[in-house]
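Participant: structure for this input, please:
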Amino acid sequence: MSILRKLGATLTAAAFVGVGALAGTTAEAAPQVVKSAQNSVTTLPPSGKVPTATAAKTTAASTRATMAKYRLDSRCMTKGRVLCINKHTRKLVYLVNGKPIQVMDVRFGASKTPTRNGVFKVYRKSKNHVSTLYHSKMPYAMFFSGGQAVHYSSDFRARGYNGASHGCVNVRDKKKIAWMFARVHIGDKVVVYNK
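Facilitator: Okay, here's the model as predicted:
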């Protein structure tokens, strides 16, 4: 009778606490099963920690999935803050340490005043900038190549893709660009590409 009571107490404890919490039983050595990004099953050791090789594979798979989802250039996948600007998808993806934080619609320069492709750095910020060349407002301007900057455009908001810039990267959403402007620092990476 006492063996049955002990067995009943053990089963009750397992129901309330969970199998892994019963120290001194065979359940303690039970492996945990985890699904990766590709839905493949990985068995973890009793410690529950992901082996280094498995963690590296999961991180690499996650990075590939992020790059594919946003069509990111590999030069965007670095540590720190990056403004990753894709002319083909017409999207700016703001990344921090390789993770997308904000995505916004953008448009570019006309054929006579194209936006330059390449890897740049933000070298100047101007919250209420007005172009000395074109006399147009450029709120939340973040300059990355000569006079070319990422900035809000009321014309883009009003006309959409029917217009074009003089080479700048125009952002349609004022709240998003204001949010990003507050977080971008001088020296942050800018990648402009067509992929």
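
Participant: Val171 and Val190, how far apart?
Facilitator: Using Cβ to Cβ, to the nearest Å, Val171 is found at 13 Å from Val190. From N, CA and C alone the C-beta is placed, and that goes for glycine too.

Participant: now do the domain split for the chain, please.
Facilitator: In terms of domains, the chain is parsed into 28-70, 73-193 (source: automatic domain parsing).

Participant: any chance of the ones you listed in JSON lines with mean neighbour count and mean pLDDT as columns?
Facilitator: Putting the domains of the chain into JSON lines (neighbours: other Cβ atoms under 10 Å; pLDDT from 0 to 100) gives the following:
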{"stretch": "domain 28-70", "mean neighbour count": "12", "mean pLDDT": "62"}
{"stretch": "domain 73-193", "mean neighbour count": "17", "mean pLDDT": "96"}
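
Participant: list residues touching both of Val171 and Val190?
Facilitator: Residues within reach of Val171 and of Val190 at once, by Cβ atoms under 8 Å, 6 or more residues apart in numbering, are Val150.

Participant: centre of the chain to stretch 136-143, how far?
Facilitator: The gap between where stretch 136-143 is centred and where its chain is centred comes out at 24 Å by Cα atoms, centre = their mean, to the nearest Å.

Participant: one more: stretch 121-132?
Facilitator: For stretch 121-132, the distance to the chain centre is 24 Å (Cα atoms, centre = their mean).

Participant: can you list contacts of that stretch?
Facilitator: 83, 136-144, 147, 149, 151, 166, 181, 184-190.

Participant: ok, now with 10 Å
Facilitator: Outside of stretch 121-132, the residues within contact range by Cβ atoms under 10 Å, 6 or more residues apart in numbering are 81, 83, 136-147, 149-151, 166, 168, 178, 181-182, 184-190.

Participant: all the strands of this structure, residue numbers only.
Facilitator: In the chain, the segments counted as strands under DSSP state E are 32-35, 41-44, 81-86, 91-96, 99-107, 118-121, 124-130, 137-145, 148-152, 169-171, 189-193.

Participant: give the other helices and strands that the last one contacts.
Facilitator: In terms of contacts (3 or more Cβ pairs under 10 Å, 6 or more residues apart in numbering; DSSP states H and E), strand 189-193 is packed against strand 81-86, strand 91-96, strand 118-121, strand 137-145, strand 148-152.
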